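S.K.: Kindly return the folded structure for what I paste below:
(2 chains)
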There are 2 protein chains.
Amino acid sequence: MKIKTVETYDIRFPTSRDLDGSDAMNPDPDYSAAYVVLRTEEGAEGHGFTFTIGRGNEVVRAALDALAPFVAGRGLDDLGEFGRRLTHDSQIRWLGPEKGVMHLAAAALINAAWDLHARAAGKPLWRFLSDMSPEAIVDLVDWRYLSDALTPAEAVELMAQVESGQKERTSLLEAHGYPAYTTSAGWLGYPDEKIDRLARQAVADGFRQIKLKVGADRADDVRRLALARAAVGPDVRIAVDANQRWDVGEAIEWMTELSAYDPWWIEEPTSPDDVLGHAAIRRALIPKGIRVATGEHVANRVVFKQLLQADAVDFVQLDACRVAGVNENLAILLLAAKFGKPVCPHAGGVGLCEAVQHLSYFDYVAVSGRLDDRVIEYVDHLHEHFTDPVVVERGAYRPPSAPGFSTRIRPESLIRYSYPEGAAWN
Amino acid sequence: MKIKTVETYDIRFPTSRDLDGSDAMNPDPDYSAAYVVLRTEEGAEGHGFTFTIGRGNEVVRAALDALAPFVAGRGLDDLGEFGRRLTHDSQIRWLGPEKGVMHLAAAALINAAWDLHARAAGKPLWRFLSDMSPEAIVDLVDWRYLSDALTPAEAVELMAQVESGQKERTSLLEAHGYPAYTTSAGWLGYPDEKIDRLARQAVADGFRQIKLKVGADRADDVRRLALARAAVGPDVRIAVDANQRWDVGEAIEWMTELSAYDPWWIEEPTSPDDVLGHAAIRRALIPKGIRVATGEHVANRVVFKQLLQADAVDFVQLDACRVAGVNENLAILLLAAKFGKPVCPHAGGVGLCEAVQHLSYFDYVAVSGRLDDRVIEYVDHLHEHFTDPVVVERGAYRPPSAPGFSTRIRPESLIRYSYPEGAAWN
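M.R.: I've put the predicted structure just below:
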């Protein structure tokens, strides 16, 4: 297959008009996608995107345009080579390396290529990946900078160990789904009454874990967590998320105060670049029964590697679009399996639930082989704009059977939410 | 003062036409600047830029345009607030945070604001900074995420300790200059004869340290380092620079082989994100007499903080334009002083020597108060395009007396090297 054209879009949803999605660092996001459509000479399409929260989405689109010459007119049969082509160019690499705007754009293009391949194979991405051999998976990974933590041979061995149970786990997954938790109850901008109501509703809907935003005001957090705990009872897990608001010492003090309400994890307590800071926070909080999670802003596999090496996190919150797409997320799944840490992906935003579910299913079927303490974030936002929206029932994601990566936005939504010319912005 | 207009430029020099600047990761750079001119309503100007190596420079320019609304029509009297305004916007922050393309653009704008201020004060930047009180310097820093390593009060105390010797050090600096080392002898694309000739010339010119690029071929590196050592003798320091080519184990093995030729430091042995990797490399190489240096690609103060906390580096190679300009580099100078590590800035490229010299002078006069083992990189490239080019004589930088940040490209060069329309590209 050969790519003929690369079309790019700046898509924004005016979510800041209400307070859905509000947290301590992000008071008024406009959930957005830098979106790309790859077309082959034969007329096949691959759709991919990366997620942003508004301003600057046009810079990511400019980055997509800067990477288009590495894609248009060229082959994409070898998805490992395709990924490295987008992250190894010596001049472009200077702008990272492998982080920020250029890496977000690489994610969109690589994810689009996977959508195209999975669709050509007539399989949903999670099955397309699960049907590959361990050796083929390993060939997709960029191994640079990983060998002090994991080698390709070890990765093959990890996957080979669980290979015999694949068929059974696939059946279980299709029968029972994959556990979800909901963030929809706990946005920072919500009044107490709404949190109480939504927390009770979440339990009634079958969720065994909810998440609350914290970090803006300590007294508010105590009050909100107390009421959420009263609403859900002692057995439903409550994760809290500070969205990077704290310094290390502040995170420890603040969470110590919240520990009375038995929070399951503290997410993004500080800078996502601060491996040693997360390790210090974890050392202080584990004795108080609080685990540490991060990942949605972790720049690349090298930082994830260190979070695992330093025993700095309990949960690996990979994001489908922050690192270089499926390829780099395979590396992260393999690293997490090596260190025995559950992957609990970041989702929400625009289309992140649709995309990232595939990675968790693949992890369960072919990498970790485990479901214990694994959950995928769920936010009931904007799914109606996708041609293959996620299905979450009784607190569980239901794996899609449609071919592709579930990353396609409906054509009418692409028109309506194009920024700044779409009708939604006039 | 209030900014009236923000003009942005994509400037590229076709340096890939020869092999100057070639290294193991960057075989054919076109040294480039995403350049910005701020104009006040009163007609004052500030010029700033960030450095890239070619492709993608247009994406950084797009990022400058995305940040322009935070600058145009607004004040810039408070440079601390100005810096935070460019790095704290909640929507833009999602694209980093504080790394990659958006951070490079913030650097250019913040540096332009400093050029404007220093010029308005009639002082070169290094003097403008040195004349500020420790308290005023501390107010310029974004302290978020630093308090586990350094507090504002400690930073004031560090500067106060050396305050009495400022006048004497300023005189010494103006009389003797600041030590430089040269990278011009050792580009990877140069033949042996040229390395031999340029290394001897460097010693004759007064340099006490040179640098060679390594990391592409081990046998070549052994041969080139042996001939450079023979050319400069045992007392001139030879640094080597792998430009991120290696995994951790590979770096240790490769440098162990080169240790016979007494390299002074190994620079960028692996990923700039790999704090723990650098620490492991340093632990293995220090017993062999080899020090570790990194910084030109270190994304921000949080990663520098960890490199120091983990005792992962011997030299802090800050870059004038990679992090958020002068403001964030003040944080890095203070962190380095706290941990007692010499700052040896990255320079070369386009205008990096011109800009970064000011930070080293300020460090000597007002922060560390020391010159031992401190050197500024020097590459004799492209200085002719600047209105106030660096002066390096007998192996030492000579501090400029002209007002500003030395960051202004000549108007005729801005026209000739504008990409893609300038005459240099036709």
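
S.K.: Just the helices from the stretch 201-350 of chain A, written as ranges.
M.R.: For the stretch 201-350 of chain A, the helices defined by DSSP state H, counting those that start in this stretch cover A:218-232, A:248-258, A:275-285, A:301-309, A:325-339.

S.K.: Could you confirm whether the last one reaches chain B?
M.R.: It stands for helix A:325-339. No: Helix A:325-339 lies out of reach of chain B by CB under 8 Å from any CB of the partner chain, never closer than 13.0 Å. Just so you know, the C-beta spots here come from the backbone N, C-alpha and C atoms, and that holds for glycine as well.

S.K.: re earlier: tabulate the helices of the stretch 201-350 of chain A (CSV), appending mean pLDDT.
M.R.: As requested, the helices of the stretch 201-350 of chain A are arranged in CSV below (pLDDT from 0 to 100):
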stretch, mean pLDDT
helix A:218-232, 97
helix A:248-258, 98
helix A:275-285, 98
helix A:301-309, 98
helix A:325-339, 98
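
S.K.: Adding distance to residue A:199, write those out as JSON lines.
M.R.: As requested, those are exported to JSON lines (distance: least, CB to CB, whole Å):
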{"stretch": "helix A:218-232", "distance to residue A:199": "4"}
{"stretch": "helix A:248-258", "distance to residue A:199": "16"}
{"stretch": "helix A:275-285", "distance to residue A:199": "23"}
{"stretch": "helix A:301-309", "distance to residue A:199": "30"}
{"stretch": "helix A:325-339", "distance to residue A:199": "29"}
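
S.K.: what about the ones you listed, which gets the closest to residue B:299?
M.R.: helix A:301-309 (10.0 Å; CB to CB).

S.K.: got the angle between that closest one and helix A:325-339?
M.R.: Here the directions of helix A:301-309 and helix A:325-339 differ by 20 degrees (axes from the mean of the first three to the mean of the last three CA atoms, to 10 degrees).

S.K.: what about dumping the CA coordinates of helix A:301-309 to PDB?
M.R.: Output of helix A:301-309 as PDB, limited to C-alpha atoms (Å, rounded to 0.1, in the frame of the first residue of the first chain):
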ATOM      1  CA  ARG A 301       8.700   5.500  26.600                       C
ATOM      2  CA  VAL A 302      12.000   6.800  28.200                       C
ATOM      3  CA  VAL A 303      10.100   8.600  30.900                       C
ATOM      4  CA  PHE A 304       7.800   5.600  31.500                       C
ATOM      5  CA  LYS A 305      10.800   3.400  31.700                       C
ATOM      6  CA  GLN A 306      12.200   5.500  34.500                       C
ATOM      7  CA  LEU A 307       8.900   5.700  36.400                       C
ATOM      8  CA  LEU A 308       9.000   1.900  36.400                       C
ATOM      9  CA  GLN A 309      12.700   1.600  37.200                       C
END
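
S.K.: What is that helix packed up against?
M.R.: helix A:275-285, strand A:315-316, helix A:325-339, helix B:275-285 (3 or more CB pairs under 8 Å, 6 or more residues apart in numbering or on different chains; DSSP states H and E).

S.K.: got a list of contacts for it?
M.R.: Contacts with helix A:301-309, where a contact means CB atoms under 8 Å, 6 or more residues apart in numbering or on different chains, come from A:98, A:142, A:145-146, A:148-150, A:272-273, A:275, A:278, A:294-295, A:298, A:312-313, A:316, A:318, A:323, A:328, A:331-332, A:335-336, A:338-339, A:341, B:271, B:273-277.

S.K.: Filter those down to just the buried residues.
M.R.: Buried subset of the contacts of helix A:301-309 (neighbour count, 16 or more other CB atoms under 10 Å in any protein chain shown): A:98, A:142, A:145-146, A:148-150, A:272-273, A:275, A:278, A:294-295, A:298, A:312-313, A:316, A:318, A:323, A:328, A:331-332, A:335-336, A:338-339, A:341, B:271, B:273-277.

S.K.: centroid residue for chain A?
M.R.: Chain A has residue A:319 as the residue nearest its centroid, 2.3 Å off, counting by CA atoms, centre = their mean.

S.K.: low-confidence ranges in the stretch 251-400 of chain A?
M.R.: For the stretch 251-400 of chain A, no stretch is flagged by pLDDT under 70.

S.K.: Tell me the residues of the stretch 201-350 of chain A that contact chain B?
M.R.: Residues of the stretch 201-350 of chain A found near chain B (CB under 8 Å from any CB) are A:244, A:247-250, A:270-277, A:280, A:297, A:299-300, A:302-303, A:305-306, A:309-310.

S.K.: what about 6 Å?
M.R.: Selection of the stretch 201-350 of chain A residues close to chain B by CB under 6 Å from any CB of the partner chain yields A:247, A:248, A:271, A:273, A:274, A:276, A:302, A:303, A:306, A:309.

S.K.: Good, wrapping up.
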